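[1] what's the 3D shape of this:
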Amino acid sequence: MKKLIRNIFLGLLFPAAGGAFAQDLPVKTETDTIFFEDFSGSSLDREKWNVMGTDFWVNNEQQIYVDTSATVYTVSGADAKGVENALVLKAHYSPNYINYKGNDFDFISGRINTRDKVMFTYGTAAARMKLPEGAGYWPAFWALGGGDWPATGEIDIMEYVGETDWIGVALHGPGYSGETPLVNKYFFPEGEDVTDWHVYSVDWTPEGFDFKVDGRLIYRVTKPMVENYGKWAFDNPKFLILNLALGGAYPYKTNGVEEPYNGLPASTVELIKEGKAEVLVDWVLITQ
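    So this is what the prediction gives:
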């Protein structure tokens, strides 16, 4: 395990192709690992993860979450697409699956979290992920506080809304939620995009945040920057979330698509029908 964790940190700090970036930090050879998951089991470990069900819906998203092996499962070998084992969050077209809060849902998908199972305050949270190509997909890797939103804060380590050349990072809290000013886009170098395997991470300290992609520092937020807009909401325990949403507020803001679904064009609906709506996660790591 120690060798594995050290190799992961090497991957966080140095790109796989070799050669250090200018912003590389000294390699950490001693780490305090709070949580490590490589999805090597035959199914999701319910001692570590909760799976959301159909009683949850936000942001005008076009899917409903379902706790089923069709939407949340593990794979190995060739199905893991370049890694040994992986978690898969998969969306499916399922016409008239459910009516919830007056809305008809034609899609199901997966969302998992570590709430009350793995909580942490400060440290580095990282995940190695491979994302699908398609306008209106909205997968994310993020963290929430255990209390009311936005009072206990939100850390968006990676959000993707279907434009393959960039991902977003953000903070939300009291006075800076929703259309938060604490947000940044990261555009991949030429020859890279979200469909490749990448490590998305954040270093969280009492003084602020360093957001990174493959060890590249892409956005830094300090406590004074946050307190310019509202109360610092990041001195409390957080839990991790991985999900694959479809359409809704953020994709719609980006692509302006209204039909056939809010934020979700017909071309992506076809991709979902073809079984191509899936997020793969190689591993998740929390250290302090």
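[2] from residue 191, how far out is the closest residue to residue 71 other than its chain neighbours?
    In space, not counting the residues next to it along the chain, residue 71 is nearest to residue 110; the distance is 3.7 Å by C-beta to C-beta, 6 or more residues apart in numbering. Every C-beta, even on glycine, is put in place using the N, C-alpha and C of the backbone. When C-beta to C-beta, to the nearest Å is the yardstick, residue 110 and residue 191 sit 30 Å from each other.
[3] can you pull the contacts of the spatially most central residue of the chain?
    Ranked by distance to the mean C-alpha position of the chain (C-alpha atoms, centre = their mean), the top residue is residue 141 at 1.5 Å. Neighbour list for residue 141: 127, 129, 157-158, 200, 240-242 [criterion: C-beta atoms under 8 Å, 6 or more residues apart in numbering].
[4] partner residues bridging residue 90?
    residue 278 (DSSP bridges).
[5] hang on, isn't residue 207 packed against residue 222?
    Yes - at 6.4 Å, residue 207 counts as touching residue 222 under the criterion of C-beta atoms under 8 Å.
[6] tell me the pLDDT at residue 17?
    Looking at residue 17, its pLDDT is 40.
[7] tell me how far the residue nearest to residue 71 lies from residue 36.
    21 Å.
[8] just residue 69 next, same as before
    Between residue 69 and residue 36 the distance, using C-beta to C-beta, works out to 23 Å.
[9] between these two, point out the one with more neighbours.
    residue 36 (15 against 12; other C-beta atoms under 10 Å).
[10] list the beta-bridge partners for the residue lying closest to that one once chain neighbours are set aside.
    Spatially, and ignoring its direct neighbours in sequence, residue 36 is nearest to residue 285 (5.2 Å; C-beta to C-beta, 6+ apart). Here residue 285 shows beta-bridge partners residue 36, residue 126, assigned using DSSP bridges.
[11] and residue 285, what's its pLDDT?
    Per the predicted model, pLDDT is 97 at residue 285.
[12] tell me how many other residues surround residue 156.
    22.
[13] now do residue 81
    When neighbours are defined as other C-beta under 10 Å, residue 81 has 15 of them.
[14] isn't residue 261 right up against residue 269?
    Yes - contact criterion C-beta under 8 Å: residue 261 and residue 269 qualify, at 7.2 Å.
[15] circling back to that earlier point, OK, contacts around the residue nearest to residue 36?
    5, 8, 33, 35-37, 124-127.
[16] between those, which is nearest residue 253?
    Nearest to residue 253 among those: residue 127, at 24.3 Å, using C-beta to C-beta.
[17] I figured residue 229 hits residue 178, correct?
    No - between residue 229 and residue 178 there is no contact, the gap being 11.9 Å when judged by C-beta under 8 Å.
[18] compare the two (neighbour count), which wins?
    When residue 229 and residue 178 are compared for neighbours, residue 229 comes out ahead with 15 against 7, by other C-beta under 10 Å.
[19] please, which helix or strand holds that one?
    Here residue 229, judged by DSSP states H and E, is contained in no helix and no strand.
[20] residue 199 is in contact with residue 215, correct?
    Yes - contact criterion C-beta under 8 Å: residue 215 and residue 199 qualify, at 7.2 Å.
[21] who has more neighbours, residue 110 and residue 191?
    Per other C-beta under 10 Å, whichever of residue 110 and residue 191 has more neighbours is residue 110, with 29 against 6.
[22] show the contacting residues for residue 159.
    The neighbours of residue 159, taking C-beta under 8 Å, 6+ apart as the test, are 138-140, 142, 167-170, 250.
[23] and with 6 Å instead?
    140, 168 (C-beta atoms under 6 Å, 6 or more residues apart in numbering).
[24] hey, what's it bridged with?
    Applying DSSP bridges to residue 159 yields these beta-bridge partners: residue 140, residue 168.
[25] now do residue 73
    Following DSSP bridges, residue 73 is listed with bridge partners residue 88.
[26] and the residue located most distally from the centre of the chain, how far from residue 57?
    Among residues of the chain, the one most distant from the C-alpha centroid is residue 102; the distance is 28.1 Å, by C-alpha atoms, centre = their mean. To residue 57, residue 102 is 11 Å away according to C-beta to C-beta.
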